[in-house]
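Enquirer: Below is the sequence, then the predicted model.
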Amino acid sequence: MAHTDIVIKGRRVGPNKTFMKPNFEGPTVLVDDQFDYVELWLKRHSPGKPVLFWQQARNFYHASLGLPKESRSVTAYYCMLNASKALLAAKKIAFSEQHGLSGESRYNKTSLANEICTTKGTGIFISLTQYFGANLIGREVSLKDVLYNIPFIHRSYTITYRGSANLFIPIVDAHFVRQNNGHEAWFCAEIQDRRYCRESIMKKQRGWELDQSENPRFVIRSKHRFRWKVKGTSKRERLAELTKNHQRIRRDIKYIHAPSRLWYFKRNDRATGILPWPTPTLVYIAMHRLSELTRYNPKRLARHFDCQHNWLLSEFINLASDNFIDQIASDITGQEFMVPGYRQ
């Protein structure tokens, strides 16, 4: 199907870090410290409690930097807790002060599969998941499965648990296009890694297909179409349609916080262990369970750090806060953040 790139303010529109309401017309914000920028933004746009919650998140973040990995999960979790409260308060979403999660260790064997996380019916976690469009009330999941579904530690996971299938497929040239002689629009991206350039893989992915017209490039596209009609509609209406579709594709299109933009397609077939949950909720769950172990069962936590998965846990603890805060900062402001030196 012949198509043309969707362009806004001279730039081709691609996936945005902001999950819910991205500002497609705004420039990328280059900052060394997202905490300072978001605090100033909140003071202008949503003063009061959101600012206080955000300041607390920053304080816990910096406190984490000086702690060893055996203790860091507690302050890292409270950083995430307060950042979540800042987001919810800024969006005027009511939430219970309960955490919304509980955990337990089953059996004596030291295994991530035996660390169980249970979601409650109310609490900050539940409100956060609902903000991202998910209903995760009353779920039970192992810490092992949660870590398997987090993109920024997936390489560490598959090295630790050899034989695990790769869930995240690198994509390039990701963008939205519109039909040349019609009003349909959709999202597409190219897969260049030969390991994944197989139609048999894409046939299993719900809501996605291979664009045969792009052969020999291996281009995937969303089956869901949205309306993009330049004449007869306002820019506001077109952006509303784009935003709605962007929320849909971001269920499967994930990114990793890094000096450059790294986007991935997350498999959504029915293979064992795949959790179609928003990445921030997975990070929140995992850090909550590790913080519980730190507070209530440090001996068991120490055994985890003596096992084969010690590197996986270290990578998660080292990378989780930056990735979580990057997502929350983007959703609070609607803007994308990159470190200075990145060229748009």
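Expert: Everything's here; your move.
Enquirer: And the helices in this structure?
Expert: Applying DSSP state H to the chain gives helices spanning 34-45, 49-65, 69-90, 124-131, 143-148, 154-160, 199-202, 235-249, 279-296, 298-304, 310-333.
Enquirer: Show me what the second one is packed up against.
Expert: Helix 49-65 is packed against helix 34-45, helix 69-90, helix 310-333, with contacts defined by 3 or more CB pairs under 8 Å, 6 or more residues apart in numbering; DSSP states H and E. The C-beta positions use only the backbone N, C-alpha and C, and glycine is treated the same way.
Enquirer: what separates Phe24 from Lys17, distance-wise?
Expert: 12 Å (CB to CB, to the nearest Å).
Enquirer: Could you do Asn318 as well?
Expert: 20 Å.
Enquirer: Check the gap between Arg12 and Arg178 for me.
Expert: Taking CB to CB, one finds Arg12 at 11 Å from Arg178.
Enquirer: just Ile274 next, same as before
Expert: The gap separating Ile274 from Arg178 is 31 Å, by CB to CB.
Enquirer: Look at those two and report which has more neighbours.
Expert: More crowded of Ile274 and Arg178, by other CB atoms under 10 Å: Arg178, with 21 against 16.
Enquirer: Ramachandran coordinates for the closest residue to Arg303 other than its chain neighbours?
Expert: Leaving aside its chain neighbours, Arg303 sits nearest to Thr110 (4.2 Å; criterion: CB to CB, 6 or more residues apart in numbering). The phi/psi pair for Thr110 (degrees, to the nearest 10) reads phi -80, psi 100.
Enquirer: what residues are up against Thr110?
Expert: 300, 303-304, 306-307 (CB atoms under 8 Å, 6 or more residues apart in numbering).
Enquirer: neighbour-wise, which of those leads?
Expert: Most surrounded of the contacts of Thr110: other CB under 10 Å gives His304, at 20 neighbours.
Enquirer: ok, that residue - contacts?
Expert: 110, 112, 293, 310, 313.
Enquirer: Pull out the buried residues from those residues.
Expert: With neighbours counted using 16 or more other CB atoms under 10 Å, those contain these buried positions: 110, 112, 293, 313.
Enquirer: nearest to Gln55, of those residues?
Expert: Comparing these against Gln55 with CB to CB places Leu293 closest, at 27.5 Å.
Enquirer: any low-confidence regions in the stretch 51-200 of the chain?
Expert: The model of the stretch 51-200 of the chain has no residue with pLDDT under 70.
Enquirer: thinking again about what came up before, quick one: which of the helices of the chain is nearest Asn166?
Expert: helix 154-160 (6.2 Å).
Enquirer: Which elements pack onto that closest one?
Expert: Against helix 154-160 (3+ CB pairs under 8 Å, 6+ apart) you get helix 143-148, helix 310-333.
Enquirer: now do 10 Å
Expert: helix 143-148, strand 168-179, helix 310-333 (3 or more CB pairs under 10 Å, 6 or more residues apart in numbering; DSSP states H and E).
Enquirer: Adding distance to Lys244, write these out as TSV.
Expert: Listed next are those as TSV, based on distance: least, CB to CB, whole Å:
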stretch	distance to Lys244
helix 143-148	28
strand 168-179	12
helix 310-333	16
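Enquirer: Against Lys235, how distant is Leu88?
Expert: 29 Å.
Enquirer: Which of these two has more residues huddled nearby?
Expert: Using other CB under 10 Å, the more surrounded residue of Leu88 and Lys235 is Leu88, with 21 against 10.
Enquirer: close enough to count as contact, the more buried one and Met20?
Expert: No - assessed by CB atoms under 10 Å, Leu88 is found out of contact with Met20, at 12.0 Å.
Enquirer: Could you list the low-confidence segments of the stretch 201-344 of the chain?
Expert: 341-344.
Enquirer: Tell me which of Asn318 and Lys17 has more neighbours.
Expert: Neighbours were counted for Asn318 and for Lys17 using other CB under 10 Å; Lys17 has more, 21 against 15.
Enquirer: Leaving out the residues flanking it, which one is nearest to His309?
Expert: Thr160 (5.2 Å).
Enquirer: Next: Phe132.
Expert: Pro278 (3.9 Å).
Enquirer: Repeat that for Trp41.
Expert: Per CB to CB, 6+ apart, closest to Trp41 is Thr333, 5.2 Å.
Enquirer: I'd assumed Tyr37 was in contact with the one you found.
Expert: Yes - Thr333 lies in contact with Tyr37 (CB under 10 Å); the separation is 7.9 Å.
Enquirer: Mutual contacts of those two, please.
Expert: Both Thr333 and Tyr37 are in contact with Val29, where contact means CB atoms under 10 Å, 6 or more residues apart in numbering.
Enquirer: Could you check which of these two is surrounded by more residues?
Expert: Counted by other CB under 10 Å, Thr333 and Tyr37 do not tie: Thr333 has more neighbours, with 22 against 17.
Enquirer: The most centrally placed residue in the chain: what's it in contact with?
Expert: Central residue of the chain (CA atoms, centre = their mean): Thr279, 3.5 Å from the mean position. When contacts are counted by CB under 10 Å, 6+ apart, Thr279 touches 19, 132, 149-152, 250, 254-256, 266, 323-324, 327.
Enquirer: ok, so of the residues you listed, who is nearest Gly138?
Expert: For the contacts of Thr279, the residue nearest Gly138 by CB to CB is Phe132; the value is 17.3 Å.
Enquirer: if I pick the closest one, what's in contact with it?
Expert: Per CB under 10 Å, 6+ apart, neighbours of Phe132: 19-20, 247, 250-251, 277-281, 327, 331.
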